[in-house]
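Engineer: only geometry, no sequence info:
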Ligand SMILES: Nc1nc2c(ncn2[C@@H]2O[C@H](COP(=O)(O)OP(=O)(O)OP(=O)(O)O)[C@@H](O)[C@H]2O)c(=O)[nH]1
C-alpha cells in the first residue's frame, strides 16, 4: 500500500494530540493517580513515537528509530498502568517495565540486524499488549461492560498485527532494510495502529463512563452501610412485585425485621459498633434468602424482605430460620461478643386486587409491633384484618411516600 508517509504521520500526530487533550479534559479535577491521566500520558507517548518517525528526514536513522520505538513501548506501559489503576489493582512485579530498557538497547546494539530488530520489537510490543489483555481478562475483575469488549477487540487486533509483522519479517516478506533505513513501508502498520488507538481510547473512556454511571446508580439505590437495597429501591421492588403477583395470581409474602434493643448497642459499644452490627445482620439475612427474594434496609435498624411466590407457611418457616440465624451469630467487636436478636412481622400468602404495597408493609409492621410487645426475638404473623388497619403504626403509607 502506497501511502504518503508525511501526511500519515501528521494525521496520527494531530489525532493523538487531540485525543490526549480530550482525555485530559475529562480527567480534569481528578487526582493525578486517576486512570484517565495515565491514559492521557499514554496518548502523548504514542503521539511522540509518531513525531519521531515523522521527523525521519531530519533526524539520523538511529535517533528516530530508537526514539520512536521507545516512545511506543512507553505508551503501552502507560496503557497497562491506566487499566490497572482503573481496576484499583497494582501490576505484579516490575517486569512490565523491561521494554523501556530492552527496546532502546535492541535498536542501539543490533543496528545492522534489521530483521532481528523488527521481529524482536514486534514480539516485545506483542508481549506488552498481552499483559494488557491479561489485565482486562483478570478473573477477579467485573466481566461486564461494553467498553471492556471494545478494548479487548482493539488490543486483540493490535496484537495480531504485530505477530503478523514479526512473522512476515521472519519469512523475508517484509523489507526490513528499507524499514530500518527510512521507516518507510510502515504505512499499513501505522494505519492499523491509529484505528486501534482510536478504538481503545473510545473503549477506555466508555469503560470509565460506564463505571461512573454504575456508581451513581448504586449511590441512588444502595444503602452504603449494609450494601443492601436502600428504602427507595426496595420500595420500588415491592411495588413491581405486588403488581406481578396480582397479574399472575401468585402468592407474595413480606417480612419486616427489626434489630432488638439496638439503641443499647450504640449506647454500650458506640455508634461504630452499631454500624458493624447492622452490616453483619444484613449479611446474615441476605445469605439465607433465595436468589428470587429481595431484602433492603427500610429504616435505621429495620429491614424489609420481599418473598415472591411464597405462601404464609413458607414465609413463617423462613422468618423463623432468619431469627434463629441472627441469634446464633454473635458479632465480634474487639474483645466483646455482642449477642443480637431480631423480631419479625410476617404478612404472607395470597394477594388480591385490593392489596397494595403500603397495605402489605403496614400489616407486616403491625405484626412486628406485636412481636416487640410480646417480648422480642420472635416471629409474629399479620392477622387477616391487619391490612385493614385497626392496630397499625402511625404511618401506613411507607412505600408510596418513600
Ligand atoms: N449505629 C447506627 N445506629 C443507628 C443507625 N440508624 C439508626 N440507628 C440507631 O438505632 C436506634 C434505634 O433505637 P430504637 O428505635 O429505640 O429501637 P431499639 O433500641 O432497637 O428498640 P426495639 O426496636 O424496641 O427493640 C437509635 O439509637 C438510632 O440512633 C445507623 O445507621 N447506625
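Structural biologist: Done, it's in. Given the structure is predicted, the values throughout are model-derived calculations rather than measurements.

Engineer: residues from this structure in reach of the ligand?
Structural biologist: Residues of the chain lying close to the ligand (Cβ under 6 Å from any ligand atom) are 225, 258-263, 266, 271, 274-275, 278, 300-301, 372, 376. C-beta coordinates here come from the backbone N, C-alpha and C atoms, glycine included.

Engineer: please indicate which of the residues you listed are buried?
Structural biologist: Listed as buried from the residues of the chain next to the ligand are 258-260, 262, 266, 274, 278, 301, 372; burial here means 16 or more other Cβ atoms under 10 Å.

Engineer: out of the residues you listed, which are inside helices?
Structural biologist: 262, 266, 274, 278, 372 (DSSP state H).

Engineer: just checking, the fourth one touches residue 226?
Structural biologist: Yes - in terms of Cβ atoms under 8 Å, residue 278 counts as a neighbour of residue 226; the distance is 5.9 Å.

Engineer: what sits in contact with each of the two?
Structural biologist: residue 297 (Cβ atoms under 8 Å, 6 or more residues apart in numbering).

Engineer: local confidence estimate at the closest residue to the ligand within the stretch 301-402 of the chain?
Structural biologist: Using Cβ to the nearest ligand atom, the closest approach of the stretch 301-402 of the chain to the ligand is made by residue 301 at 4.7 Å. pLDDT, residue 301: 96.

Engineer: pretty sure it is touching residue 261, no?
Structural biologist: No - assessed by Cβ under 8 Å, residue 301 is found out of contact with residue 261, at 9.7 Å.

Engineer: what about this structure, any weak spots by pLDDT?
Structural biologist: Within the chain, the stretches with pLDDT under 70 are 1-3, 176-187, 189, 384-402.

Engineer: compute the distance between residue 202 and residue 209, please.
Structural biologist: Distance from residue 202 to residue 209, counting by Cβ to Cβ, to the nearest Å: 11 Å.

Engineer: looking at these two, which is more packed in?
Structural biologist: Comparing residue 202 with residue 209 by neighbour count (other Cβ atoms under 10 Å), the higher total belongs to residue 202, at 15 against 12.

Engineer: in the stretch 101-250 of the chain, which residue sits closest to the ligand?
Structural biologist: residue 225 (5.6 Å).

Engineer: need the contact list for that residue.
Structural biologist: 275, 278-279, 297.

Engineer: from those, pick the one nearest the ligand.
Structural biologist: residue 275 (4.7 Å).

Engineer: who are the contact partners of the closest one?
Structural biologist: residue 225.

Engineer: how much space between it and residue 281?
Structural biologist: With Cβ to Cβ as the criterion, residue 275 and residue 281 are 11 Å apart.

Engineer: centre of the chain to the lengthiest helix in the chain, how far?
Structural biologist: Looking across the chain with DSSP H, the single longest helix is helix 187-221. Remark: helix 187-221 is offset 14 Å from the chain centroid, using Cα atoms, centre = their mean, to the nearest Å.

Engineer: so what does the helix or strand following it touch, helix or strand wise?
Structural biologist: Downstream of helix 187-221, the first helix or strand assigned by DSSP states H and E is helix 231-248. Helices and strands touching helix 231-248, by 3 or more Cβ pairs under 8 Å, 6 or more residues apart in numbering; DSSP states H and E, are helix 187-221, strand 252-259, strand 294-297, strand 302-308, helix 357-373.

Engineer: list the buried residues in helix 231-248.
Structural biologist: In helix 231-248, the ones that count as buried by 16+ other Cβ under 10 Å are 231, 233-239, 241-242, 245-246.

Engineer: try stretch 295-310
Structural biologist: 295-298, 301-310.

Engineer: could these go into JSON lines alongside distance to residue 73?
Structural biologist: Below are these laid out as JSON lines (distance: Cβ to Cβ, whole Å):
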{"residue": "295", "distance to residue 73": "51"}
{"residue": "296", "distance to residue 73": "50"}
{"residue": "297", "distance to residue 73": "50"}
{"residue": "298", "distance to residue 73": "55"}
{"residue": "301", "distance to residue 73": "56"}
{"residue": "302", "distance to residue 73": "57"}
{"residue": "303", "distance to residue 73": "54"}
{"residue": "304", "distance to residue 73": "56"}
{"residue": "305", "distance to residue 73": "55"}
{"residue": "306", "distance to residue 73": "55"}
{"residue": "307", "distance to residue 73": "57"}
{"residue": "308", "distance to residue 73": "56"}
{"residue": "309", "distance to residue 73": "58"}
{"residue": "310", "distance to residue 73": "60"}
